[in-house]
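Enquirer: sharing a sequence plus its predicted fold:
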Amino acid sequence: MEKDTNFNEWYNDIVEKAGLSDKRYPIKGMNVWTPYGWKIMRQIDTFIRRELDGTGHDEVCFPLLIPETEFKKEKEHIKGFDSEVYWVTHAGLNELDVRLVVRPTSETAMYPMFSLWVRSHTDLPLKVYQIVNTFRYETKQTRSFIRVREIHFFESHTCHVSEEDAQSQVEEDFGILERLSKELCLPYSLLMRTEWDKFPGAHYTVGLDTAMPNGRMLQIGSIHHYRTNFSIPYNITYENEAGEHVHAHQTTYGMSERLVGAIIGVHGDDKGLVLPPPVAPIQAVIIPIISKGNADVVMEEARKIEKKLNEARIRVKLDDRDERPGSKFFDWEIKGVPLRLEIGTRDIEKEAVSFVRRDDGGKGTIATGSIVEGVRLILGVIRKDMYDRAWEKQRSNVATITSLKDLPEKTLRFGWCGSEECGHRFEDENELKLLGTPYEHEEFDGTCIICGKHTNKAAYASRSM
RNA sequence: GGGCCCGUGGGGUAGCUUGGUAUCCUUGUAGCUUCGGGAGCUAUUGACUCCGGUUCAAAUCCGGGCGGGCCCA
């Protein structure tokens, strides 16, 4: 299956063949995480926990159901979500007096509790997160990991004494993102979403977008600054040092299983999945090369190597199935295992192990005596190379344009005066989604591509995934 | 939001026009054999998406549900 000529089919094919997800579950957009896919997700979750724990967040777990009365407290928020929430209307044989919403996100579950938890300025900042499933009734075509109705994601929610303090939380979130990006070898653009596309109820939203091979941007997460937009309706106040009751300023940060979708799309190739070593369930696979009469010797050596790597906490698997080596090579390539180790008579004689990199096909040997150091080193190089190549692709995906004729299949960068009128016209007339303006300062000098007014603001747009 | 297409063993398919015995590949299982890029042989398990209609008879024709895919907005 060819990735570049037929990305959509390729993607579906890989998800199935690599054993990431089984979408035969009989509800649209609700797929089964099969073991290999779930292991990848768990690696990502583990990293996120480590990062959030390390930055002073506490993990919590809120109920799945939200009373309609709480859900409807913030007007913009409900407007943004009420067409895509699932309702619980019955319990047993009885119709419920107060209907329950299945969380599409947890603001409205958490904030009534925050108003109880936050009393004094000494309670702030309050920083919590949870890793849970949320539900959104997607009406569009669903797609494994990218557009689903049951979404596995993490959401962190914070409360602060001031807008500035909340702003510094946003900066901390960018730091977490940067480290996550290195781990998953995923590049991203930080784009300030337009007023009409920001999270319902937010003061502003920064979208985290990754370019897919078809030139379209995939949003992999978002960071929101709420100011006091939620703390007012939910009455989240604290008493400051002067004895006054003040509304807290809030932020949220969320990312989902789309990270898995992005990894598939960014790194995969015609042979299958290519996994970044830090999240690969199996980082190195050992293929014993057996021939007549040497099975015992080869297997013994392979087990020795397996044990050594295992003890060094490298995720290793010895493939001792009764299959021919070639067939095993194909299997593990589809599954994207970063490093393949081959052990045969020739290797044993040379006291070495042959290796093949999944990412670029590079081959070589590692001396058996330094197998742990060698494998660690190569996995490190693979991670760095994947990271660098992915960023290079992300940058080259952007095309700066001055005319709307003959648009390339890329992410477009162009001048925008910033007016809503030009923004809407741009979207409506070009079948494109305005992703927003760069969050970080970016030199630009040109004219608005719609009205022609001079502007030093660039905007980004792409077709939606 | 609109349009088009599809649903047959675990996966991929033939059969459907013209109603009557379901094809092939792959996978799975057991055994033999083989092993530095998808080996071979033998035996064997396993299917017409659901509901309703037409009919002596439905995988096949008609309607609907559920599910999947592609394109456009």
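Expert: Now that the structure is in, tell me what you want to look at.

Enquirer: for the residue in chain A that RNA strand B sits nearest to, list the residues it contacts.
Expert: Scanning chain A for proximity to RNA strand B using Cβ to the nearest atom of the strand identifies residue A:344 as nearest, at 2.1 Å. C-beta here means a position set from N, CA and C on the backbone, and glycine is covered the same way. Residue A:344 makes contacts with A:288-291, A:298, A:354, as judged by Cβ atoms under 8 Å, 6 or more residues apart in numbering.

Enquirer: and the residues you listed, which of them are buried?
Expert: For the contacts of residue A:344, burial is judged from neighbour counts taken by 16 or more other Cβ atoms under 10 Å, and it is met by A:288-290, A:298, A:354.

Enquirer: of the contacts of residue A:344, which are in range of RNA strand B?
Expert: A:289-291, A:354 (Cβ under 7 Å from any atom of the strand).

Enquirer: of those residues, the lowest pLDDT goes to which?
Expert: When it comes to pLDDT, residue A:291 is the least confident member of these, at 89.

Enquirer: give me the nearest residue to that one, chain neighbours excluded.
Expert: Residue nearest to residue A:291 in three dimensions, not counting chain neighbours: residue A:345, with 6.9 Å by Cβ to Cβ, 6 or more residues apart in numbering.

Enquirer: that neighbour: how many residues sit nearby?
Expert: Residues near residue A:345, counting by other Cβ atoms under 10 Å, number 15.

Enquirer: list the contacts for it?
Expert: Applying Cβ under 8 Å, 6+ apart to residue A:345 gives the contacts A:289, A:291, A:294, A:297-298.

Enquirer: before we move on, back to that, in helices, which of the contacts of residue A:344 fall?
Expert: Using DSSP state H, residue A:298 are the members of these that sit in helices.

Enquirer: cross the contacts of residue A:344 against strands and list the overlap.
Expert: In this view, the contacts of residue A:344 that belong to strands under DSSP state E are A:288, A:354.

Enquirer: verify the stated contact: residue A:351 with residue A:367.
Expert: Yes: with the criterion set as Cβ atoms under 8 Å, residue A:351 and residue A:367 qualify as a contacting pair; they are 6.5 Å apart.

Enquirer: and the helices in the stretch 151-300 of chain A?
Expert: Defined through DSSP state H, counting those that start in this stretch, the helices belonging to the stretch 151-300 of chain A, from first to last, are A:163-184, A:258-267, A:295-311.

Enquirer: most tightly packed of those?
Expert: Taking mean count of other Cβ atoms under 10 Å as the contact definition, the stretch among the helices of the stretch 151-300 of chain A with the greatest mean neighbour count is helix A:258-267, which reaches a mean of 25.

Enquirer: one step back: give me the pLDDT value at the residue nearest to residue A:291.
Expert: Reading off the per-residue confidence, residue A:345 sits at a pLDDT of 95.
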